[in-house]
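K.L.:
no sequence for this one, just the structure:
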Ligand SMILES: Nc1nc2c(ncn2[C@@H]2O[C@H](COP(=O)(O)OP(=O)(O)OP(=O)(O)O)[C@@H](O)[C@H]2O)c(=O)[nH]1
Ligand SMILES: [Mg+2]
């Protein structure tokens, strides 16, 4: 078991195989095929970067910067430019020093995104990382739309060894948030991570519902540090950008969790996200098990992409070492994941996506913003709900 496990850097490198084939092979052909640094060279490079999902903005920046450096350093041969490109991509993607401040504060991490992108999985993985750091973590199952959603998250909570608060199937997700935020305050939890239902960004009432949940958090726990992470599926390429833009309209996005980077040829999207949206990719997912989420590290990512040796992060700790704590939690994950993998949500399964939708799905501010009683464990259990999850 343990000997089969690979370090995160190896998994990242392996996961980026297709992206590497897609981008790096073409880039090498330009660097080592062209005989001089001329307009054709820049044009070919530009084309490959754009085709590799790196995005127009980032590509323009990279090319402009390269032109300047070529002049400054009096470079003559295209092969001398590869290092410039690598440095330039790293520069584009570097995550600011404050990006992970939430780890040091009492925080509420709100996880949003369209259907099936890997939100619930990422909540479980993130909970495990934070638990591994010795944090007191609570997770909120605010996806009450899909019958199996609570069970799926409960299993992740179990794997990560953290508590979870949920609501009855079909309950107002805002009421789950209300309960969870108050429980987090009462129990002096370090980080509350809230899973939410997948929603299409063009469904107005569902997007309004996100705003409502946000307002409840602000109102109930104004002092908490807020982290709104959008989960984007790396395999969807440019679509991920439009999803992030739409969600950015209803929530102040503070970061991206980019999932399914294993096995996609579109990994270049990580560069595009950073430069087109100006929102940092904070975590990337490279697989389905609990250890397959890692803090995004630009140097490590670009080194893996270009197969450059030296997978060390800025703190001088290899990703493998940093991840060791999560090792013992991974054993059961695959089997149970398969059991629970009935999670493709048809649009019609989601309230608001269907003309026959019940009125109760309409946003009812009064329903869940009204409760002003303090939430205690007793209060919560008294509510006549079909299913409610508590693990203390
Ligand atoms: N290969 C791979 N699969 C992943 C990754 N992250 C999530 N998945 C898979 O993607 C599928 C959907 O994951 P979920 O976590 O249920 O996605 P979700 O966004 O919560 O889905 P909804 O709640 O239905 O909107 C599952 O089969 C996960 O195992 C990843 O980084 N790599
Ligand atoms: Mg989910």
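P.N.:
Yep, it's here. Every value quoted in this text rests on a predicted model; they were computed, and no experiment measured them. Numbers count the residues shown, from 1 in each chain. Ligands and ions are numbered 1, 2, ... in the order given.
K.L.:
Please enumerate the strands of the stretch 51-200 of the chain.
P.N.:
Along the stretch 51-200 of the chain, counting by DSSP state E, counting those that start in this stretch, strands occupy 107-112, 137-142, 163-166, 191-196.
K.L.:
mind giving me a markdown table with those and columns for mean neighbour count?
P.N.:
C-beta coordinates here come from the backbone N, C-alpha and C atoms, glycine included. Formatted as a markdown table, the strands of the stretch 51-200 of the chain follow (neighbours: other C-beta atoms under 10 Å):
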| stretch | mean neighbour count |
| --- | --- |
| strand 107-112 | 26 |
| strand 137-142 | 29 |
| strand 163-166 | 26 |
| strand 191-196 | 28 |
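K.L.:
May I see those organised as CSV, with mean pLDDT and distance to ligand 2 added?
P.N.:
Output for these, formatted as CSV (pLDDT from 0 to 100; distance: least, C-beta to the ion, whole Å):
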stretch, mean pLDDT, distance to ligand 2
strand 107-112, 97, 9
strand 137-142, 97, 9
strand 163-166, 96, 12
strand 191-196, 98, 6
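K.L.:
and ligand 1, which of these is closest to it?
P.N.:
Relative to ligand 1, the nearest member of those by C-beta to the nearest ligand atom is strand 191-196, separated by 6.8 Å.
K.L.:
quick revisit: for residue 235, which of the strands of the stretch 51-200 of the chain is the nearest?
P.N.:
Proximity to residue 235 (C-beta to C-beta) singles out strand 107-112 among the strands of the stretch 51-200 of the chain, at 18.6 Å.
K.L.:
Whichever residue of the stretch 51-200 of the chain sits closest to ligand 1 and residue 283, how far apart?
P.N.:
Going by C-beta to the nearest ligand atom, ligand 1 is nearest to residue 198 of the stretch 51-200 of the chain, at 2.2 Å. As defined by C-beta to C-beta, to the nearest Å, residue 198 lies at a distance of 18 Å from residue 283.
K.L.:
So which of the two has more stuff around it?
P.N.:
residue 198 (25 against 21; other C-beta atoms under 10 Å).
K.L.:
for the residue lying closest to that one once chain neighbours are set aside, phi and psi?
P.N.:
What sits nearest to residue 198 in space, not counting adjacent residues and going by C-beta to C-beta, 6 or more residues apart in numbering, is residue 115, at 3.1 Å. Torsion angles at residue 115 (phi, psi; degrees, to the nearest 10) stand at phi -60, psi 140.
K.L.:
okay, residue 115: pLDDT?
P.N.:
Looking at residue 115, its pLDDT reads 94.
K.L.:
Going forward, the N-terminal residue is numbered 314.
P.N.:
Okay, residue one is now 314; in that scheme the one you just asked about reads as residue 428.
K.L.:
That one contacts residue 516, doesn't it?
P.N.:
No: using C-beta atoms under 8 Å, residue 428 is not in contact with residue 516; the gap is 10.7 Å.
K.L.:
For those two, indicate the residue with more neighbours.
P.N.:
Taking neighbours as other C-beta under 10 Å, residue 428 and residue 516 compare with residue 428 leading, 19 against 16.
K.L.:
residue boundaries of the helices in the stretch 364-513 of the chain?
P.N.:
Remark: helices assigned in the stretch 364-513 of the chain by DSSP state H, counting those that start in this stretch are 369-386, 395-406, 432-445, 462-473, 486-499.
K.L.:
which residues does residue 551 contact?
P.N.:
Counting by C-beta atoms under 8 Å, 6 or more residues apart in numbering, residue 551 touches 366, 368, 582, 585.
K.L.:
I meant residue 370, not that one.
P.N.:
Residue 370 is in contact with 585, 588-589, counting by C-beta under 8 Å, 6+ apart.
K.L.:
What's opposite residue 425 in the beta bridge?
P.N.:
residue 543 (DSSP bridges).
K.L.:
How many neighbouring residues does residue 360 have?
P.N.:
Neighbours of residue 360 using other C-beta under 10 Å come to 13.
K.L.:
Taking helix 369-386 as reference, get the angle to the one helix or strand it maps to.
P.N.:
Remark: residue 360 resides in helix 352-364, with elements defined by DSSP states H and E. Computed with axes from the mean of the first three to the mean of the last three C-alpha atoms, to 10 degrees, the direction of helix 352-364 lies at 150 degrees from that of helix 369-386.
K.L.:
By proximity to ligand 2, which residue of the stretch 314-463 of the chain wins?
P.N.:
residue 433 (3.2 Å; C-beta to the ion).
K.L.:
isn't that residue right up against residue 507?
P.N.:
No: counting by C-beta under 8 Å, residue 433 does not reach residue 507; the two are 11.2 Å apart.
K.L.:
Low-confidence ranges, the chain, go.
P.N.:
314-319, 622-705 (pLDDT under 70).
K.L.:
go with 50
P.N.:
Along the chain, the parts satisfying pLDDT under 50 run over 314-317, 624-705.
K.L.:
Alongside ligand 1, which residues does it contribute?
P.N.:
426, 428-434, 456, 462, 510-511, 544, 572-573, 575, 598-601, 605, 650, 654, 656, 658 (C-beta under 6 Å from any ligand atom).
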